[in-house]
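Asker: everything below, folded, please.
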Amino acid sequence: MTAPPKTYHVKSFGCQMNVYDGERMAELLGANGMTPAPDSTSADLVVLNTCHIREKAADRAYSDVGRLRRKDGSRPLIALAGCVAQAEGEEAKRRTKMIDMVVGPQAYHRLPEMVAAAAAGSRPVDTDMPAISKFDVLPARRRSGPSAFLTVQEGCDKFCTYCVVPYTRGAEVSRPAADIVAEANALATGGAREITLLGQNVNAWSDGSAGLDHLIRAIARIDGVERIRYMTSHPADMTDALIAAHAEVPQLMPYLHLPVQAGSDRILQAMNRSHSAASYLHTIEKVRAARSDIAISGDFIVGFPGETENDFAATLEIVDDVRYAAAYSFKYSPRPGTPAATMPDQVPAEVMDDRLQRLQARLAEHSLAFNRATVGKATTILIDRKGRLPGQMIGKTPWLQSVFVETDASIGDMIDVVTTTAHPNSLGGVLATAKAA
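Answerer: Alright, predicted model coming up:
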């Protein structure tokens, strides 16, 4: 038995939804009288909010557990949360005795009572996926920065053969529109000027007959909300109404994250993706017809079982067709329990390494070309953090590019700049007034 913890530190791995969940767990612990610690070394309780999409991310979480033992032999209470917790349950405790509690992503609203139980000497596990939404019992949003995440949909019904999300997050569930708008209002009151709507398949959100476009329009009417984004989208759920919102809602930023994963129809079928290369490109054409300046980002997996060099060439071809402004690319990682993990013709690691390097080089070419096309143009950025140099701040353009600029503006300010230099992942800029002078 240990003393109830007074301080906490939440460390999140993986996707933006994990970042959101981490924020909500922090708010929950704060509402129960605990105060945040600056880091894990000084916290009484450490929550490791894990990701199970990539094998290395799961291994990293367990490595972090081991590193929480301090030089004097003491350690904090440790909660393993998130998708690794959901996937492994009791096994996580058997893997290391340092884990005091295991809580899945649909059960973290019960974290305070689990902490109390762990402090009393038990090692609770809760990986239930209750029918009652956790959002109904979480505390109201109390704080936010200039940009905030807002989960509107969880789970996935697509069952891509490489993916564990349907097993760790459950079936697709949409939060009620009224609850989402209320949370968005609270975020705006707390200072958020930009809200990013999140979901495993965010554009599958619905509230009866209304789709994501209706939700976007409702949030756009909230005072203080000047920018709206959403991710991650599935090509099968890009409705004409949602595409039209990109042309009709000024607050909806000209940026769309739409993963394709591969350019080969044979591989897409093996992945159980419901789109073809041609149908995906047709969707991109419709989006660009609605908003000609839109930036497209995507996800790619190389080395999926059975992928040939010709299949990979088709992926490079779709990269050149779309000209992605940004992208995330990964080597295929077999996850236990997924159909792809037992498929024949697993691609050798060295072949995956080679293909990933070639893919990332091609993606970097297009990202740099997109950024170079903005040099010399004026735009508005939302300052979200300090740079490394004195007087330097970093802000995001409507196209989600990071711009480094010298300014006395504060975090949360929106300022006009002119871009001056371009790199694959960032831009340099000067104040528009300085350019005019």
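Asker: right, and residue 83 touches residue 12 too?
Answerer: No - counting by C-beta atoms under 8 Å, residue 83 does not reach residue 12; the two are 11.2 Å apart. Heads up, the C-betas are built off the backbone N, CA and C, glycines and all.
Asker: more neighbours: which of the two?
Answerer: residue 83 (28 against 22; other C-beta atoms under 10 Å).
Asker: mind telling me what element that one is part of?
Answerer: Secondary structure here is read from DSSP states H and E; on that basis residue 83 sits in helix 82-88.
Asker: what's whatever helix or strand comes next after that helix in contact with?
Answerer: Note on helix 82-88: by DSSP H and E, the next helix or strand toward the C-terminus is helix 90-95. Helix 90-95 has contacts (C-beta atoms under 8 Å, 6 or more residues apart in numbering) with 62, 80, 84, 85, 88, 99, 102, 123, 125.
Asker: what's the pLDDT at the fourth one?
Answerer: According to the prediction, residue 85 has pLDDT 84.
Asker: before we move on, what about the second one?
Answerer: At residue 80, the predicted lDDT confidence score is 93.
Asker: now do it against residue 63, distance only.
Answerer: 13 Å (C-beta to C-beta, to the nearest Å).
Asker: reformat the contacts of helix 90-95 as CSV; add neighbour count and distance to residue 6.
Answerer: Below are the contacts of helix 90-95 laid out as CSV (neighbours: other C-beta atoms under 10 Å; distance: C-beta to C-beta, whole Å):
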residue, neighbour count, distance to residue 6
62, 19, 26
80, 30, 21
84, 27, 27
85, 28, 24
88, 24, 29
99, 23, 21
102, 26, 22
123, 14, 21
125, 21, 24
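Asker: circling back to that earlier point, tell me the helices and strands packed up against the helix holding residue 83.
Answerer: Counting contacts by 3 or more C-beta pairs under 8 Å, 6 or more residues apart in numbering; DSSP states H and E, helix 82-88 packs against helix 16-31, strand 45-50, helix 55-67, helix 90-95, strand 101-103, helix 165-168.
Asker: surely residue 371 touches residue 399?
Answerer: No - judged on C-beta under 8 Å, residue 371 makes no contact with residue 399 at a distance of 9.0 Å.
Asker: which residues are in contact with each of these two?
Answerer: The contact sets of residue 371 and residue 399 overlap at residue 325 (C-beta under 8 Å, 6+ apart).
Asker: higher neighbour count, these two?
Answerer: Using other C-beta under 10 Å as the criterion, residue 371 and residue 399 rank with residue 371 on top: 25 against 20.
Asker: quick one: residues contacting the nearest residue to residue 186 once chain neighbours are set aside.
Answerer: Nearest residue to residue 186 in three dimensions, chain neighbours excluded: residue 141, at 4.0 Å (C-beta to C-beta, 6 or more residues apart in numbering). For residue 141, the contacting residues are 27, 183, 186, 187, 190, by C-beta under 8 Å, 6+ apart.
Asker: can you check residue 417 too?
Answerer: Taking C-beta under 8 Å, 6+ apart, we find residue 417 in contact with 378, 379, 380, 381, 395, 403, 405, 429, 430, 431, 432.
Asker: in the stretch 301-437 of the chain, where is pLDDT below threshold?
Answerer: 434-437 (pLDDT under 70).
Asker: what about the strands in it?
Answerer: 326-331, 378-386, 392-396, 402-406, 414-422, 427-431 (DSSP state E, counting those that start in this stretch).
Asker: with the stretch 151-300 of the chain instead?
Answerer: Using DSSP E, counting those that start in this stretch, strands in the stretch 151-300 of the chain cover 153-154, 173-174, 194-198, 206-207, 210-211, 227-231, 255-257, 295-302.
Asker: mean neighbour count and distance to residue 329 for those - can I get that in TSV?
Answerer: Shown next, in TSV, are these (neighbours: other C-beta atoms under 10 Å; distance: least, C-beta to C-beta, whole Å):
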stretch	mean neighbour count	distance to residue 329
strand 153-154	26	25
strand 173-174	20	29
strand 194-198	24	21
strand 206-207	17	30
strand 210-211	17	29
strand 227-231	23	16
strand 255-257	24	13
strand 295-302	22	4
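Asker: let me have those strands in a markdown table, extended by distance to residue 115.
Answerer: As requested, these are exported to a markdown table (distance: least, C-beta to C-beta, whole Å):
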| stretch | distance to residue 115 |
| --- | --- |
| strand 153-154 | 23 |
| strand 173-174 | 26 |
| strand 194-198 | 26 |
| strand 206-207 | 34 |
| strand 210-211 | 38 |
| strand 227-231 | 31 |
| strand 255-257 | 35 |
| strand 295-302 | 35 |
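Asker: for the ones you listed, which one sits closest to residue 349?
Answerer: strand 295-302 (11.4 Å; C-beta to C-beta).
Asker: tell me what the closest one is packed against?
Answerer: Secondary structure elements in contact with strand 295-302, counted by 3+ C-beta pairs under 8 Å, 6+ apart, are strand 255-257, helix 309-322, strand 326-331, helix 349-372.
Asker: just want the angle from the second one to strand 326-331.
Answerer: Calculated by axes from the mean of the first three to the mean of the last three C-alpha atoms, to 10 degrees, helix 309-322 forms an angle of 170 degrees with strand 326-331.
Asker: show me what counts as buried in helix 309-322.
Answerer: Using 16 or more other C-beta atoms under 10 Å as the test for burial, helix 309-322 gives 311, 312, 314, 315, 316, 318, 319, 322.
Asker: and the contacts of that helix?
Answerer: Outside helix 309-322, the residues touching it (C-beta under 8 Å, 6+ apart) are 260, 262-267, 277, 280-281, 284, 296, 298, 300, 302, 327, 355, 358-359, 362-363, 366.
Asker: go on, the longest one?
Answerer: Residues outside helix 349-372 that contact it (C-beta under 8 Å, 6+ apart): 295, 300, 302-303, 307, 312, 315-316, 319-320, 323-327, 329-332, 399, 401, 422-427.
Asker: can you show me the helices along the stretch 101-250 of the chain?
Answerer: Here the stretch 101-250 of the chain has its helices, by DSSP state H, counting those that start in this stretch, at 111-119, 165-168, 177-189, 212-220, 240-248.
Asker: what's the closest of the ones you listed to residue 336?
Answerer: Proximity to residue 336 (C-beta to C-beta) singles out helix 165-168 among these, at 9.8 Å.
Asker: and the closest one, what other elements does it pack with?
Answerer: Using 3+ C-beta pairs under 8 Å, 6+ apart: helix 165-168 touches helix 82-88.
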